[in-house]
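**Q** Any chance you can model this:
(chains A and B)
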Amino acid sequence: MRDALATELGDALVDSVIRPGADIWVRVTTEAWADAGRAVRDVLGCTYFGFLSALDWMPSPWGRGEDDPTEPPPERSTEIVQGVAGGATRFQVLARVHSTTTHRGITLKADVPDDMRIASWVPTYPGADWHEREAWEMFGIDFVGHPHLHHIYLPGDFEGHPLRKDFPLVARMVKPWPGIVDVEPLPTGDDEETEGEAAAEAAEDAS
Amino acid sequence: MTAVTDRQQLSYVASQVADARVNVELETEGMTLNIGPQHPATHGTLRIIAKLDGEQVIEADPVMGYMHRGYEKLTEVRTFPQVTTLINRIDWLGSFANEVPFILAAEQLMEIEAPPRAQWIRTLLFELSRIANVTLFLGDMGVQLGALTPVFYAFRDREYVLNLIESVTGGRFHPNFDRIGGLKDDLPKGFNDECKTVMVKIRDFCDQMDDLLVGNQIFQTRTRGIGVIPKDVGLAYGLSGANIRASGVDWDLRRDSDVAMAWKQLDWKVWTHPDGDSFARYWVRLQEVREATYMVEQLLDGMPSGPIMAKVPRIIKVPAGEAWVSTENPLGEMGYYVVSKGDLGPFRVKIRSASFSNISITPWLLKGVYVPDVITILASLYFILGDIDR
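**A** Below is the predicted model:
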């Protein structure tokens, strides 16, 4: 499958990873994104459109939202590390298509440059319409050629792109996660009994 | 029948003529009809803005998001075992089936596999979820056409299945029972006999639906040839599950994918229908429930013994990587694209829910249909709002 795609796309195919028994990942250049969609449909016969979404590779500046609000926030890495099949930009789009006759699927990825513009898949797969609207709303990616990009889940006057990593999860900001208030020591070994006792004691205290 | 007097008949004819004249003289303007978000004929809060020309829909635009809960964002601040609590609530009628692909994806990244008994019990609960979920559809479809009886039968018989799920997991709707590496518990004592009795009841229910709806002439007139989805269009829109099998695509992930579940060791059949209309979608689902009852019986008879939990560390850290696992859920293909960075929780989870793609065909499909058929077509596509909005 990868070879067929490589001959079709030529240099546009940047990287590919095959993990036996799991999946095939192929990364194409931003310019070749629309062509890649047509190629997987027409050459590989992947007529079934699975999904289209995006990835934000920046580590969240808020961590997992478990900081103690009374303490200064810890130092966090801001290094952007892309996943399988590599990449060069913070945002990537990914899509998955499948063939219902050969029962094989492929995951495609492409970098999204800083101007956040990439070609739309709607002319190839009409089902990409809503998925691109979702990615546009959640990540702020502009799909060039999409007929009508407008909000799908969020209200029309919503500002920001919630699934970007720098968008704070407000629920965790206004009220500290209960897990950080009463931190239990992590279990070290087979001490299930003592844990049970501790829970019983806690229940007594609460009553 | 009472005889109509000449006078009544004349006045009727006169009014018809008047109407006809109005219609000829006036250019009919389009009308925008808002169906939902809270309307007795919609499931949950799906809203459809339909532009009508007379009784025909010329444009339909579904509006979602009234129940968007932001699960993809929330998973980023949860640990892996905590995520199952969230994803239980995506398709709330077949909750256990939601957990399975996520757990399988995590297991794939950790390179572990659940022991055979756990796989079989997973498959068993998966199929029970399917029965509980689709049973309700089989009755509910009748309600959309004005037949109230089937839905009462459906609720009655679904209750037996929910009781079974509750006896195993402790939760009727949100089992939260699947664990990375296996399951929380084993089956309770006496489950086999109880389960087999219920499966007979479910088959009786299917026969009743056959009699009440499938063979019913009104039902057939309202559904046959209505809302036809050609194979290619359905695939391009990402339709999956019974919706695409009703368009003649012989594709079922239970048979065609290599997930670590017990389906491949069972003897069963994938049902398809060539027509692609509302009737075909109903018919395929009816057969699937029947097939699932036989699968459950085979699972009970062939259940291997052994442990239900693989060796997993107490604190689950999933190695860095990306995995995509999807299974054939009651509503269609449901999958999770899990990105892990070797942390306690996932870095990103993309939830591919079946209903979202299944419903995305509606602007195409509802063009040109009549208003009453909008409701039947939507019902036959069978969506769960939580599965659209996530």
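**Q** For the rest of this, base every contact and every neighbour count on C-alpha atoms.
**A** Noted.
**Q** Show me which residues of the stretch 251-390 of chain B sit near chain A.
**A** The stretch 251-390 of chain B has residues B:251, B:256-258, B:321-324, B:339, B:348, B:350, B:352, B:357, B:360-361, B:389 near chain A, with proximity defined as CA under 8 Å from any CA of the partner chain.
**Q** now with 6 Å?
**A** Contact residues (CA under 6 Å from any CA of the partner chain) of the stretch 251-390 of chain B with chain A: B:Trp251.
**Q** And the strands in the stretch 251-390 of chain B, which stretches?
**A** Ranges of strands in the stretch 251-390 of chain B, per DSSP state E, counting those that start in this stretch, are B:321-329, B:332-340, B:348-352.
**Q** Tell me which strands the first one pairs with, and in which orientation.
**A** Right, the one you point to is strand B:321-329. strand B:332-340 (antiparallel) (DSSP bridges).
**Q** so the strand it pairs with versus strand B:348-352, what angle?
**A** 170 degrees (axes from the mean of the first three to the mean of the last three CA atoms, to 10 degrees).
**Q** B:Ser380 reaches B:Asp277, doesn't it?
**A** No: counting by CA atoms under 6 Å, B:Ser380 stays clear of B:Asp277, with 8.7 Å between them.
**Q** Quick check: phi and psi on B:Asp157?
**A** phi -80, psi -30 (degrees, to the nearest 10).
**Q** same question but for B:Arg179, I mixed them up
**A** Residue torsions, per degrees, to the nearest 10, at B:Arg179 are phi -120, psi 160.
**Q** Okay, and the beta partners of it?
**A** Beta-bridge partners, per DSSP bridges, of B:Arg179: B:Gly182.
**Q** Output the strands of the stretch 251-390 of chain B in JSON lines, with mean pLDDT and mean neighbour count appended to each entry.
**A** JSON lines is the format used below for the strands of the stretch 251-390 of chain B (pLDDT from 0 to 100; neighbours: other CA atoms under 10 Å in any protein chain shown):
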{"stretch": "strand B:321-329", "mean pLDDT": "87", "mean neighbour count": "24"}
{"stretch": "strand B:332-340", "mean pLDDT": "88", "mean neighbour count": "24"}
{"stretch": "strand B:348-352", "mean pLDDT": "89", "mean neighbour count": "23"}
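**Q** now those as TSV including distance to A:Thr102?
**A** Output for these, formatted as TSV (distance: least, CA to CA, whole Å):
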stretch	distance to A:Thr102
strand B:321-329	16
strand B:332-340	17
strand B:348-352	21
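**Q** Of all these, which one is nearest A:Cys46?
**A** Among the strands of the stretch 251-390 of chain B, the nearest to A:Cys46 by CA to CA is strand B:332-340 (15.4 Å).
**Q** And the contacts of the closest one?
**A** Here strand B:332-340 makes contact (CA atoms under 6 Å, 6 or more residues apart in numbering or on different chains) with B:102, B:240-241, B:320-327, B:346-354.
**Q** List the contacts of the helix or strand harbouring B:Asp207.
**A** Assigned by DSSP states H and E, B:Asp207 belongs to helix B:191-209. Residues outside helix B:191-209 that contact it (CA under 6 Å, 6+ apart) are B:Thr293.
**Q** I'd like the mean pLDDT over that helix, please.
**A** The pLDDT scores in helix B:191-209 average 90.
**Q** could I get it in PDB with only the CA atoms?
**A** Output of helix B:191-209 as PDB, limited to C-alpha atoms (Å, rounded to 0.1, in the frame of the first residue of the first chain):
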ATOM      1  CA  PHE B 191     -25.300 -16.000  35.200                       C
ATOM      2  CA  ASN B 192     -25.300 -18.500  32.400                       C
ATOM      3  CA  ASP B 193     -28.800 -19.800  33.000                       C
ATOM      4  CA  GLU B 194     -30.200 -16.400  33.600                       C
ATOM      5  CA  CYS B 195     -28.600 -15.100  30.400                       C
ATOM      6  CA  LYS B 196     -29.900 -17.900  28.200                       C
ATOM      7  CA  THR B 197     -33.400 -17.300  29.400                       C
ATOM      8  CA  VAL B 198     -33.200 -13.700  28.500                       C
ATOM      9  CA  MET B 199     -31.800 -14.500  25.100                       C
ATOM     10  CA  VAL B 200     -34.900 -16.500  24.400                       C
ATOM     11  CA  LYS B 201     -37.000 -13.600  25.400                       C
ATOM     12  CA  ILE B 202     -35.100 -11.200  23.200                       C
ATOM     13  CA  ARG B 203     -35.600 -13.600  20.200                       C
ATOM     14  CA  ASP B 204     -39.400 -13.600  21.100                       C
ATOM     15  CA  PHE B 205     -39.200  -9.800  21.000                       C
ATOM     16  CA  CYS B 206     -37.600  -9.900  17.600                       C
ATOM     17  CA  ASP B 207     -40.300 -12.100  16.300                       C
ATOM     18  CA  GLN B 208     -42.900  -9.700  17.700                       C
ATOM     19  CA  MET B 209     -41.300  -6.800  15.900                       C
END
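**Q** buried sites along it?
**A** B:195-196, B:198-199, B:201-203, B:205-206, B:209 (16 or more other CA atoms under 10 Å in any protein chain shown).
**Q** and the next element down the chain from it?
**A** Next helix or strand after helix B:191-209 toward the C-terminus (DSSP H and E): helix B:217-223.
**Q** got a list of contacts for that following helix?
**A** Outside helix B:217-223, the residues touching it (CA under 6 Å, 6+ apart) are B:213, B:278-279.
**Q** Which one of those is nearest to B:Met31?
**A** For those, with B:Met31 as the reference and CA to CA as the criterion, the closest is B:Ser278, at 26.0 Å.
**Q** so how many other residues sit close to B:Gln217?
**A** Close neighbours of B:Gln217, defined as other CA atoms under 10 Å in any protein chain shown, add up to 11.
**Q** B:Ile226 too?
**A** Using other CA under 10 Å, B:Ile226 has 21 other residues around it.
**Q** where exactly do the strands run in the stretch 1-150 of chain B?
**A** Under DSSP E, counting those that start in this stretch, the stretch 1-150 of chain B gives strands at B:31-35, B:47-53, B:56-63.
**Q** Adding distance to chain A, write the ones you listed out as CSV.
**A** Shown next, in CSV, are those (distance: least, CA to the nearest CA, whole Å):
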stretch, distance to chain A
strand B:31-35, 17
strand B:47-53, 12
strand B:56-63, 7
